[in-house]
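# I'd like to go over a predicted model; first the sequence, then the structure.
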Amino acid sequence: MKTKILIKKLKSTGFRSFVSLAVFTSVLTATVPAYASSIAKAVQSDVRAEHSARDQYRHPQQTLEFFGLKPNMTVVEIWPGGGWYTSIINPIVQEHGKYFAANFHIFEGSPNYYKKSLDSFKQKVATNPVYKGIEVTEFHQTKALNIAPESSVDMVLTFRNVHNWYMGDGDLGVENAFKAFYKALKKGGVLGVVEHRMPESLDQVENKRSGYMKQSYVIAAAEKAGFKLAATSEINANSKDSAQHPKGVWTLPPRLALGEEDKAKYLAIGESDRMTLKFVK
């Protein structure tokens, strides 16, 4: 729309050369990423209609455009869970790229939901066309670190997972995770991180169980593994979220861990404030 308005203005000021106008229009069009249409199509697809209600908080189209996802990429998603992002990413790379789902690693003493989630995901891979072609691997921050063949991946994506590795194994868990991602990526490959954001004024250790992480902590951990911070974005920011709630981030929707207690208050806040970070190997 802005392009059309600009062209009209140019015509009205004497810019009437068809050739010049065509060249100018092509330059404007070229500024839109070529891969944006494939992302938009996947986000708007009816196959993920049940998930789309949360787009207002997760901004999948803007987030994936920011990370630079392209149809010919080999991509690893860490702990895809119920497949919220899978139903967007795999259709994009299904024909010309590759999708690895680094799912839960099952071990003695692992939470019961690990196996339930993994079995459910594998069932989707076996029966759902949206999941066709996915290769399921495993990841755990101390027990399973080979998410894909070494130096074979264009992009690693992790959505709201860093706090789990930190809660489970502290600094070691986070450092192991970023090292594993670095190992899998090609030189120049991208690591995209979305995580619940803790205010820098709070103490990370004291708030370890909150589900929030300080952005400075996450950046430092990635850089320690060898990554370079390429860009940050406020796409998934929420200024209403103080990150200080009775049951941590799970107090907010969609979990609403307090049930009916102050439900309207937490619905008004919405989902958590989140950092969105792009790193490069």
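Structure received.
# so which bits of stretch 224-235 are buried?
Ala225, Phe227, Ser233, Ile235 (16 or more other CB atoms under 10 Å). Bear in mind the C-beta positions are built from the backbone N, C-alpha and C, glycine included.
# and it, end to end?
Using CA to CA, to the nearest Å, one end of stretch 224-235 lies 25 Å from the other.
# average pLDDT across that stretch?
Stretch 224-235 shows a mean pLDDT of 98.
# got it, and stretch 112-131?
pLDDT averaged over stretch 112-131 gives 96.
# paired strands for the lengthiest strand in the chain, with orientation please.
Longest strand of the chain, by residue count under DSSP state E: strand 185-198. Paired neighbours of strand 185-198 in the sheet (DSSP bridges): strand 153-159 (parallel), strand 213-214 (parallel), strand 274-280 (antiparallel).
# state the mean pLDDT of the second one.
It stands for strand 213-214. Confidence over strand 213-214 (mean pLDDT, whole number) is 98.
# ok, the last one next?
The pLDDT scores in strand 274-280 average 98.
# let's have the chain start at 56 instead
Yep, numbering from 56; the last one is strand 329-335 now.
# picking up where we left off before, okay if I get the buried residues of stretch 279-290 as TSV plus distance to Thr213 and secondary structure?
Output for the buried residues of stretch 279-290, formatted as TSV (distance: CB to CB, whole Å; DSSP: H, G, I helix; E, B strand; the rest coil):
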residue	distance to Thr213	secondary structure
Ala280	13	coil
Phe282	13	coil
Ser288	15	strand
Ile290	16	coil
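# ok, back up a step: pull the longest strand of the chain out as CSV, backbone CA atoms only.
Extracted C-alpha coordinates of strand 240-253, given in CSV (Å, rounded to 0.1, in the frame of the first residue of the first chain):
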residue,chain,number,x,y,z
LEU,A,240,25.3,-25.2,12.9
LYS,A,241,27.3,-24.5,9.8
LYS,A,242,29.6,-21.5,9.8
GLY,A,243,27.4,-18.5,9.4
GLY,A,244,24.4,-20.4,10.7
VAL,A,245,21.7,-18.7,12.8
LEU,A,246,20.5,-19.4,16.4
GLY,A,247,17.2,-17.9,17.1
VAL,A,248,16.1,-17.6,20.8
VAL,A,249,12.8,-16.5,22.3
GLU,A,250,12.7,-16.6,26.1
HIS,A,251,10.7,-15.2,29.0
ARG,A,252,12.5,-12.0,30.1
MET,A,253,13.5,-11.1,33.6
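# so for that strand, what gets flagged as buried?
So for strand 240-253, counting by 16+ other CB under 10 Å, buried means Leu240, Gly244, Val245, Leu246, Gly247, Val248, Val249, Glu250, His251, Arg252, Met253.
# farthest pair within those residues?
Gly244 and Met253 (27.3 Å; CB to CB).
# sorry, back to before: now render the strands paired with strand 240-253 as JSON lines, adding distance to Lys170 and mean neighbour count.
Formatted as JSON lines, these follow (distance: least, CB to CB, whole Å; neighbours: other CB atoms under 10 Å):
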{"stretch": "strand 208-214", "distance to Lys170": "21", "mean neighbour count": "24"}
{"stretch": "strand 268-269", "distance to Lys170": "27", "mean neighbour count": "23"}
{"stretch": "strand 329-335", "distance to Lys170": "28", "mean neighbour count": "22"}
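# make TSV out of the ones you listed and add distance to Gln111.
TSV is the format used below for the strands paired with strand 240-253 (distance: least, CB to CB, whole Å):
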stretch	distance to Gln111
strand 208-214	16
strand 268-269	23
strand 329-335	13
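# and of the ones you listed, who's closest to Asp224?
That would be strand 268-269 among those, by CB to CB, at 13.9 Å.
# quick check, Leu173 in a helix?
Yes. Counting by DSSP: H, G, I helix; E, B strand; the rest coil, Leu173 is part of a helix.
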